[in-house]
Each structure stands twice: as structure tokens, then as C-alpha cells.
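Visitor: Below: sequence and its predicted model.
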Amino acid sequence: MADLHVMSALVAKRSELAGQAQLCDQELQRLAAELGHLDATIRLFAPAYDLGGIRPRKRRRGQRWFAPGECQRLVLEVLAALHKTSLAVLRSLAGKGAARAVELAGGGRAWVRA
């Protein structure tokens, strides 16, 4: 006979999935009823309207890795740290004579090998 722990876990998982399926069925019935009400209302205002021509709008699921604005903030923090570290390395190289800063025509600065 199968291991009791395995059977218990399988039965519990099936029970969980059956409950989820039942909730989905109830939600599907509710949405179908709402669609029926909307269709009837549309027919009241425009009896000849082609309801079959209305395409379902796809719901886009947003990413769930970051809270709103969090990714942008993190990227800016990393870029600021990278900028600061890069300048420190370039200044260190300039002190050793391995690099030097040159002025650009637009007022900016670039680094080149010495």
C-alpha cells in the first residue's frame, strides 16, 4: 500500500485545487452574468449593434519584482554609486600618471590614457 504521508499530501493538494476550481467556476458564472447584463443594455441603446465584433481586452499583468517607482530609484542609486567610484578610480589613475582629464568643446570633461 502507498505511503500514508504521500497519500495524505496528494489528497490535501487535490482538495486545495478543487476548491480553487470551484472559486474560478463561481467567478466565471458571475462574469458571464455581468456580460449578459451589459449586452442587454447595449441592445437597449443600439439594437443592431454587433456584439460579436467586440474583442476582449487583454489584461496586462505588471511585473511583481519592484514596487511602483522602486526600480527607477534603485537604478539611479546604482548609477550614482558607479559614477562616484569611476571618478575615484580615474583620479587615482591620474595621480599615478596613467590617465588624464581633457576639456571638451562643450564644457564637459573626458578621461584619456596618459
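Guide: Alright, I've got the coordinates. Numbering: from 1, shown residues only.
Visitor: so where's the longest helix in the chain?
Guide: helix 4-45 (DSSP state H).
Visitor: which is the next helix or strand following that one?
Guide: Note on helix 4-45: by DSSP states H and E, the next helix or strand toward the C-terminus is helix 70-96.
Visitor: Can you list the buried residues in that next one?
Guide: L90 (16 or more other CB atoms under 10 Å). In short, each C-beta sits where N, CA and C put it, glycine included.
Visitor: What pairs with the next helix-or-strand element following it, parallel or antiparallel?
Guide: Once the chain leaves helix 70-96, the next helix or strand it forms, by DSSP H and E, is strand 99-103. Looking at strand 99-103 with DSSP bridges, its partner strands are strand 109-113 (antiparallel).
Visitor: Can I get the partner strand in CSV? Just the C-alpha atoms.
Guide: What follows is strand 109-113, C-alpha atoms only, in CSV (Å, rounded to 0.1, in the frame of the first residue of the first chain):
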residue,chain,number,x,y,z
ARG,A,109,35.4,66.6,-19.4
ALA,A,110,36.7,63.3,-20.7
TRP,A,111,39.4,61.0,-19.5
VAL,A,112,42.1,59.6,-21.7
ARG,A,113,45.1,57.3,-21.2
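Visitor: quick one: contacts of that strand?
Guide: Strand 109-113 is touched from outside by 90, 93-94, 98-104, with contacts defined as CB atoms under 8 Å, 6 or more residues apart in numbering.
Visitor: Buried ones among those?
Guide: With burial judged by 16+ other CB under 10 Å, the buried subset of those is 90, 99.
Visitor: For the contacts of strand 109-113, give me a markdown table that also has distance to A12.
Guide: Listed next are the contacts of strand 109-113 as a markdown table, based on distance: CB to CB, whole Å:
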| residue | distance to A12 |
| --- | --- |
| L90 | 61 |
| L93 | 63 |
| A94 | 67 |
| A98 | 66 |
| A99 | 65 |
| R100 | 70 |
| A101 | 67 |
| V102 | 70 |
| E103 | 72 |
| L104 | 68 |
